[in-house]
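Enquirer: Okay, sequence plus prediction incoming.
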Amino acid sequence: MIFFTIILLGVLVFLRFKAPRKREFKLEYKDKRVLVCGMAKSGVSAAKLLNTLGARVTLQDMKKREEIKEPQRLEKEGISLFLGTNPDDIVLEQDLVVLSPGIPCDLPFILKAEAAGIPVISEVELAYTLTPCFVTAITGTNGKTTTTTLVGQIMQAVKPNTAVVGNIGVSYSGEVSRLTKDDWVVAEISSFQMEKAKIFSPHISAVLNISPDHLNRHKTMENYIAMKERVFVNQGADDFCILNYSDEVCRKMADKTKARVFFFSSKEPLTEGIYLVGDMIHFSWDGMDEDLISIHDLQILGIHNYENVMAAAAIAIVAKVPLDTIRQVLRKFSGVEHRIEYVATVDGVDYYNDSKGTNTDASIRAVLAMKKPIVLIGGGYDKGVSFDEWTKLFQGRVKHLILIGVTAQQIKESAEKFGFTDISICQTFAEAVNLCRGKAAEGDCVLLSPACASWGMFDNFEQRGDMFKEQVRGFKR
């Protein structure tokens, strides 16, 4: 274990002072004892990847054996399972610990491992050490999935084997084995995935925006911002960092990176960067100074989406994708599922699924995007944030507010503080969707944009959005 730790630290030092290019280094995992924590997509993929590299893998989860789907299949592959409890009793037997993003980093067994000098890394870090090609990493509070999807489509137009991975729902570890040095990775990166990242250093990074989120885990905004900044902290002068000039927190990040900064702005022209002027997205970079695309040629609407388009275009420009290719993909892009997604019109009422609105800033953007009186479904898991900036917008925009989940009373009190009282609280999601139909009249819209995570009532925001769409489409029968 000491030899393995020395090798890992050596790689860390090397990469800290030399930003990676098209890398072909690999840590030696053969015969190393590796504990992988968490049996969701990323954990299972990490365990399988390590197993193919010859590691002696133990896959741990708090679920009991009977709650795991086909555990014997993993065991037949040679992966040991440690289920139903934390791995306190076996962690000191390991050479390496790999954490899935859902695992809190302050658990006793993690602290125990680190105190004993056992490396603890994230699943993203593991996959990164095995990546032979350029990496683009996109983070921020909102817009990550839209921007990542859009960048992925642009890059796939010139490099068809591009892998689009990470928080977008595709395990990075599950894709890395098929990549060559001539391919490209586009990764959506969450703050959770950066908590145990030490050498992660993409060629192109992007921070889209910052607003309060996940404070139940990160405790303070300073900690949350620091996790976002890790996406560029190891970059060098030959790398690029795309930042939102219109977001004060992001703008200040320019002073913290060694990479060359490419700003985007939805509020003011830039001497160098990409920006919205009237109805036109214009850019000035490396001697180029020209209009890129009119917002009327886009299929996605709203200032937040124009920012996503500018960030994606900035990434593609520094990656030297031909401008005509960028324009072609931008014109065809119709958005992502669960993000202000039109579902149906029933009895003259438009229904929109914004289940991906898992924080107040995202839901603010969704409310502002609606042009009709809104019957709004909100509430869910408590992430320890204030709802005031969201609820103060309700007067004159929201016709009726329907609340669910553990945050229902907190949101109700916040809305009432600003004089909004047209509120109902429902015990089930199905009840809330049915009530929307009764509250909405012809010419209104119904918007699911909870401003909260889905945990506790649903497996994820996708399940919440799918249930909403299924029930709404059932109204038409």
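Expert: Done, it's in.
Enquirer: Near Thr428, how many residues? Count them for me, please.
Expert: 10 (other Cβ atoms under 10 Å). Backbone N, C-alpha and C define where each C-beta goes, glycine included.
Enquirer: going forward can the numbers begin at 597, since that is how I track them
Expert: Got it, the first residue is 597 from now on, which makes the last one we talked about Thr1024.
Enquirer: correct me, but it touches Ile1000?
Expert: Yes - judged on Cβ atoms under 8 Å, Thr1024 makes contact with Ile1000 at a distance of 7.4 Å.
Enquirer: how about the strands of the stretch 747-896 of the chain, start to end?
Expert: 759-762, 780-784, 800-803, 836-840, 856-861, 869-873, 876-881, 884-890 (DSSP state E, counting those that start in this stretch).
Enquirer: Kindly format the C-alpha coordinates of the longest one as CSV.
Expert: Going back to what we said before, that points to strand 884-890. Only the C-alpha atoms of strand 884-890 are listed here, as CSV (Å, rounded to 0.1, in the frame of the first residue of the first chain):
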residue,chain,number,x,y,z
MET,A,884,-12.1,37.0,-35.2
ASP,A,885,-14.8,39.6,-34.7
GLU,A,886,-18.2,38.5,-36.1
ASP,A,887,-21.8,37.7,-35.5
LEU,A,888,-22.3,34.0,-34.5
ILE,A,889,-26.1,33.5,-34.6
SER,A,890,-29.4,35.4,-34.0
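Enquirer: Would you mind identifying the next helix or strand past it?
Expert: helix 899-914 (DSSP states H and E).
Enquirer: I'd like to know which of the strands of the stretch 747-896 of the chain lies nearest to Thr741.
Expert: strand 780-784 (6.0 Å; Cβ to Cβ).
Enquirer: wait, what's in contact with Gly770?
Expert: When contacts are counted by Cβ atoms under 8 Å, 6 or more residues apart in numbering, Gly770 touches Lys637, Ser641, Lys644, Leu645, Val761.
Enquirer: Can you give me the neighbour number for the third one?
Expert: Other residues near Lys644 come to 21 when the count uses other Cβ under 10 Å.
Enquirer: Assign it to helix, strand or coil.
Expert: At Lys644 the chain is in helix, as set by DSSP: H, G, I helix; E, B strand; the rest coil.
Enquirer: Quick check: it touching Gly674?
Expert: No - distance between Lys644 and Gly674: 10.0 Å, which falls outside the contact criterion (Cβ under 8 Å).
Enquirer: Can I get stretch 749-760 in PDB? Just the C-alpha atoms.
Expert: The C-alpha coordinates for stretch 749-760 follow below in PDB (Å, rounded to 0.1, in the frame of the first residue of the first chain):
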ATOM      1  CA  GLN A 749     -23.500  17.500 -29.900                       C
ATOM      2  CA  ILE A 750     -21.100  20.100 -31.400                       C
ATOM      3  CA  MET A 751     -18.000  18.000 -30.600                       C
ATOM      4  CA  GLN A 752     -19.600  14.800 -31.900                       C
ATOM      5  CA  ALA A 753     -20.200  16.600 -35.200                       C
ATOM      6  CA  VAL A 754     -16.400  16.800 -35.600                       C
ATOM      7  CA  LYS A 755     -15.300  13.900 -33.400                       C
ATOM      8  CA  PRO A 756     -18.100  11.200 -33.500                       C
ATOM      9  CA  ASN A 757     -16.500   9.200 -30.600                       C
ATOM     10  CA  THR A 758     -16.800  12.100 -28.200                       C
ATOM     11  CA  ALA A 759     -18.000  10.800 -24.700                       C
ATOM     12  CA  VAL A 760     -20.600  13.000 -22.900                       C
END
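Enquirer: Low-confidence bits of this structure, can you list those?
Expert: Counting by pLDDT under 70, the low-confidence segments of the chain come to 597-623, 808-815, 1073.
Enquirer: Show me it divided up by domain.
Expert: Annotated domains of the chain cover 621-714, 726-928, 937-1071 [automatic domain parsing].
Enquirer: how about the nearest residue to Glu689, chain neighbours excluded?
Expert: Of all residues not flanking Glu689 in the chain, Arg629 sits nearest, at 6.2 Å (Cβ to Cβ, 6 or more residues apart in numbering).
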